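>>> what's the 3D shape of this:
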Amino acid sequence: MKKVPHRNPLLLLAQALLFCASAAPLLAQGAPWRGGAQSTTLQTGAQSTTLQTGTQSTTLQTGTQSALIQGQVEREAGPVNILILVDASYSMKENLGGGEPKMTSAKRVLESAIARIPPDVNLGLRVFGQGFTSSPDIDCQQSALLVPMGQGNRRSIIEQTRQLRPFGMTPLTFALMQAERDLSVVRGPKTIILISDGAETCGGDPCGYIARLRAVGINIKVDIVGLGLRRERDARAQLNCIAERSGGKYYDANTAAELVDSISTMVSNAISGRVITRMKQPAVNTDTPPDLSPIVPAR
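Numbers count the residues shown, from 1 in each chain. Take a look at the predicted model:
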């Protein structure tokens, strides 16, 4: 076992080529040559040589007459996980552009998108603000996981989506706390798709909560579509803050067509290697969402 000082990866590659040409017996035996945490590691197997330095790595493969160099490659294990979080507060009864209630537009677009999500993606549905009582303490904890995370649950999610009715307040922070628990049972990339038309109304700090999650290493991306918030500057600012702090994106949707675009983009970004595309023919009425074509592998 010999220690080799840390060097430029390109220089290491050149040295590895010379090594492979002059040390055939060593390669045939598959003898390892390792160093410390910040050193170069040479691993040789069946016609292959791997050089690793710290958290970066360089891979040289000679068996197929090709070389591949990779540095700082990080992948999360497990399938993609998407939790749909829907605002069912009373204000969702208001009309979106085009005269259709926000909740009606959201349900219709969600049904179309859910039906096209690949079966190997874990999907779940949570709602908040769906109830109303005379007690603020109860109303500010109105959130329910209608369909747990899973892969064989598309029909259940669509059926539950159709039954959503807007009633209560907007306990956004509480809903995000519950959503984090929902996603804690799965592994892999985690995304919350939040559909809301307003800011927190229960005194919570949803942006601060998301920032604290990131601070302790809990990475959940929150992509948000804000419904009819063109003139609601404070609400837009809060939702945008949540998205930014989580590494997600915020989208404005003032018409049903914009809602289609927003949800399609969010689902596309959440699913690694796949995209949702819109139909090539534009809608005659821009307030009527066009059909979504199936999700296809990204080129």
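
>>> quick one, strands of the stretch 51-200 of the chain?
With DSSP state E, counting those that start in this stretch as the definition, the stretch 51-200 of the chain shows strands at residue ranges 56-61, 81-87, 122-128, 143-150, 190-196.

>>> mind giving me the packing neighbours of the longest one?
If I follow you right, that is strand 143-150. In terms of contacts (3 or more Cβ pairs under 8 Å, 6 or more residues apart in numbering; DSSP states H and E), strand 143-150 is packed against strand 122-128, helix 154-162, helix 172-183. Glycine gets a C-beta too; all of them are placed from N, C-alpha and C.

>>> which residues are contacting the first one?
Contacts with strand 122-128, where a contact means Cβ atoms under 8 Å, 6 or more residues apart in numbering, come from 79-89, 114, 117, 142-151, 153-154, 157, 160-161, 164, 170-172, 174-175, 178-179, 182-183, 186, 188.

>>> what residues does stretch 177-189 touch?
Counting contacts by Cβ under 8 Å, 6+ apart, the residues touching stretch 177-189 from outside are 76-81, 83, 85, 122, 124, 126, 128, 143, 145, 148-149, 190, 192, 209, 213, 218, 220-221, 270, 272.

>>> residues in contact with residue 142?
With contact set as Cβ under 8 Å, 6+ apart, residue 142 has these partners: 128-132, 168-169, 171.

>>> can I get the helices and strands packed on strand 143-150 in CSV with mean pLDDT and distance to residue 240?
Listed next are those as CSV, based on pLDDT from 0 to 100; distance: least, Cβ to Cβ, whole Å:
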stretch, mean pLDDT, distance to residue 240
strand 122-128, 97, 19
helix 154-162, 95, 25
helix 172-183, 97, 13
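
>>> what's the most buried one of the ones you listed?
Ranked by mean neighbour count under mean count of other Cβ atoms under 10 Å, the helices and strands packed on strand 143-150 are led by strand 122-128, which reaches a mean of 25.

>>> where does pLDDT dip in the chain?
In the predicted model of the chain, residues 1-78, 272-299 satisfy pLDDT under 70.

>>> domain map for it?
Each domain of the chain is listed here as a residue range: 9-61, 81-297, per automatic domain parsing.

>>> just the ones you listed: most buried one?
Of those, the one with the most neighbours on average (mean count of other Cβ under 10 Å) is domain 81-297, at a mean of 19.

>>> quick one on the thing from earlier: out of the strands of the stretch 51-200 of the chain, nearest to residue 106?
Each of the strands of the stretch 51-200 of the chain was checked against residue 106 via Cβ to Cβ, and the shortest separation belongs to strand 190-196, namely 5.3 Å.
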